[in-house]
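In: I need the structure of the sequence given here:
(one chain, ligands or ions: 3)
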Amino acid sequence: MKTKGAILWGVDQDWSVEEIEVGDPVAGEVQVRLAASGLCHSDEHLRTGDTPVPSYPVLGGHEGAGVVTKVGAGVTDVAEGDHVVLAFIPACGTCLMCSTGRSNICDKGANLLTGQAISDNTFRVTARGQGAIPMCLLGTFSPYVTVNEASVVKVENQIPLEKAALVGCGVTTGWGSAVKVADTRPGDAVVVIGIGGVGINAIQGAAAAGAGLVVAIDPVAFKRDSALKLGATHAFATVEEAAGPLGEATYGRMAEKVIITIGRTEGHHVLGAQALVGKGGRIVVTGMGDFADIDVKLNLAMFTLLQQDLQGAIFGGSNPRADIPRLLKLYEMGLLKLDELITQTYRLEDINQGYADMRDGKNLRGVILYDDADY
Ligand SMILES: NC(=O)c1ccc[n+]([C@@H]2O[C@H](COP(=O)([O-])OP(=O)(O)OC[C@H]3O[C@@H](n4cnc5c(N)ncnc54)[C@H](O)[C@@H]3O)[C@@H](O)[C@H]2O)c1
Ligand SMILES: [Zn+2]
Ligand SMILES: [Zn+2]
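Out: Ligands and ions are numbered 1, 2, ... in the order given. Sure thing, here's the model as predicted:
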């Protein structure tokens, strides 16, 4: 079908909203009419080239939810009319990782940045007649997507889809970074560095898991205020400002867990996190930056002597099929805030403004809404 999408044609260029062709679902695929797409920082990494791609054009977007409009042969999990959240990592359920409880690193994620559909290794999207790489094999910067059934998770019809969209990446990633990967325990002191669409949910997760101190660090005052409203007990502009008060509040023990969710995470940020984590503590790296960055700063002696732990985290260590419906249930119960995460909504045509606002620190999350004018 002909529709439109926000396309990148090269590094450091703006998103170009133009006509694209989205193919019909083949066996094992579904087509989804999206209600909304979040503006995650990971798409900004595509634009700046920090995340390299093998070719252009690229169709952005990986945080979406909508209604199934077509199903290909053999699809049994979902039917036309079902409401679904798109998981930014597919979960096939049968590979080694999925079958050992680690579906956030499902083997079907191998082609996430090459754009070749899981079903048949061809491109499902074309722009100006050329095969386009849909971000995370989704491409939610388009009102319609055709994706593998491994990438969709059915959700309850009464959940507002524009809120549910955020659970396809930022919410699950942040919450899971605190609850699962950091393994926050009651009474822990937890620090979250970088309060965007991901970090704000690490704050919510840490508070829900019973952390005694939840410290938010972000240079932007609006982010710090937002964190204090959604579960943080303290907020500081920098690691340096946080160190003294954190030491006092923990009788010198410092934090059990520090989670890095900085928009463009760099190797030296790990040393900053280490300055706040105590003996036996854990640093979780969720934020991303330049794919080529191999220069991590860490005090090795302290790392060994204090038996610290440095842990990467993708999709918050979560299992999309179990955790996306569970997080939406928490939302219904009032235990997870989603409405408050959407600072500003945009039309697809205004996507460059949306990312400018993100860079300017104005949004917890900006969200593109789709309606009849787009379909
Ligand atoms: N690992 C995963 O599964 C996963 C999933 C989604 C996003 N990400 C990554 O997580 C990061 C955060 O994404 P987001 O969408 O929340 O970004 P965002 O732009 O919404 O938020 C980033 C925040 O970091 C703050 N910041 C910048 N420099 C800082 C510093 N030195 N100290 C403290 N705070 C600082 C900014 O003010 C901003 O509030 C990105 O790198 C993104 O690519 C990872
Ligand atoms: Zn994301
Ligand atoms: Zn799998």
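In: what does the stretch 151-300 of the chain put close to ligand 2?
Out: Cys169 (C-beta under 5 Å from the ion). Bear in mind the C-beta positions are built from the backbone N, C-alpha and C, glycine included.
In: residue of the stretch 151-300 of the chain nearest ligand 2, please.
Out: At 3.3 Å from ligand 2, Cys169 is the closest residue in the stretch 151-300 of the chain, using C-beta to the ion.
In: again, but for the stretch 201-350 of the chain
Out: When scored by C-beta to the ion, the stretch 201-350 of the chain has Phe315 as its residue closest to ligand 2, at 8.9 Å.
In: now that residue. Nearest residue, chain neighbours left out?
Out: Nearest non-adjacent residue to Phe315, counting by C-beta to C-beta, 6 or more residues apart in numbering: Asn104, 3.9 Å away.
In: what's near enough to touch the residue of the stretch 201-350 of the chain closest to ligand 2?
Out: Counting by C-beta atoms under 8 Å, 6 or more residues apart in numbering, Phe315 touches 87-89, 104, 169, 172-173, 176.
In: do you know how far it is from ligand 1?
Out: Going from Phe315 to ligand 1 by C-beta to the nearest ligand atom, to the nearest Å gives 5 Å.
In: so the residue nearest to Phe315 makes contact with Gly312?
Out: No: checked against C-beta atoms under 8 Å, the pair Asn104 and Gly312 is beyond contact range at 11.1 Å.
In: neighbour count winner among those two?
Out: Using other C-beta atoms under 10 Å as the criterion, Asn104 and Gly312 rank with Asn104 on top: 26 against 10.
In: this structure against ligand 3: which residues are in contact?
Out: Applying C-beta under 5 Å from the ion, we find that the chain lies next to ligand 3 at 92, 95, 98, 106.
In: show me the helices in the stretch 1-150 of the chain, by range?
Out: Using DSSP state H, counting those that start in this stretch, the helices found in the stretch 1-150 of the chain span residues 41-48.
In: quick one: contacts of stretch 335-343?
Out: Residues outside stretch 335-343 that contact it (C-beta under 8 Å, 6+ apart): 162-164, 166-167, 170-171, 175, 197, 200-201, 204, 208, 226, 229-230, 327, 330-331, 362-367.
In: just those residues: which are in helices?
Out: Those of the contacts of stretch 335-343 mapping onto helices are 162-164, 170-171, 175, 200-201, 204, 208, 226, 229, 327, 330-331, per DSSP state H.
In: filter the residues you listed to the buried ones?
Out: Buried by 16 or more other C-beta atoms under 10 Å: 162-164, 170-171, 175, 200-201, 204, 208, 226, 327, 330-331, out of the ones in helices among the contacts of stretch 335-343.
In: mind putting the residues you listed into JSON lines with distance to Val58 and pLDDT?
Out: Putting these into JSON lines (distance: C-beta to C-beta, whole Å; pLDDT from 0 to 100) gives the following:
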{"residue": "Glu162", "distance to Val58": "24", "pLDDT": "97"}
{"residue": "Lys163", "distance to Val58": "27", "pLDDT": "98"}
{"residue": "Ala164", "distance to Val58": "25", "pLDDT": "98"}
{"residue": "Gly170", "distance to Val58": "20", "pLDDT": "98"}
{"residue": "Val171", "distance to Val58": "24", "pLDDT": "98"}
{"residue": "Trp175", "distance to Val58": "28", "pLDDT": "98"}
{"residue": "Ile200", "distance to Val58": "27", "pLDDT": "98"}
{"residue": "Asn201", "distance to Val58": "26", "pLDDT": "98"}
{"residue": "Gln204", "distance to Val58": "31", "pLDDT": "98"}
{"residue": "Ala208", "distance to Val58": "35", "pLDDT": "98"}
{"residue": "Ser226", "distance to Val58": "30", "pLDDT": "98"}
{"residue": "Leu327", "distance to Val58": "28", "pLDDT": "98"}
{"residue": "Leu330", "distance to Val58": "33", "pLDDT": "98"}
{"residue": "Tyr331", "distance to Val58": "31", "pLDDT": "98"}
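In: ok, which of the residues you listed also contact ligand 1?
Out: Near ligand 1, judged by C-beta under 6 Å from any ligand atom, the entries from those are Gly170.
In: pick out the most distant pair among the buried ones among the ones in helices among the contacts of stretch 335-343.
Out: Glu162 and Ala208 (22.4 Å; C-beta to C-beta).
In: quick check: pLDDT value at Ala110.
Out: Per-residue pLDDT puts Ala110 at 89.
In: got the contact list for the residue of the stretch 1-150 of the chain found nearest ligand 2?
Out: Ligand 2 sits closest to Cys40 of the stretch 1-150 of the chain, with a gap of 3.1 Å, by C-beta to the ion. Residues in contact with Cys40 (C-beta under 8 Å, 6+ apart) are 62-63, 169-170, 197-198.
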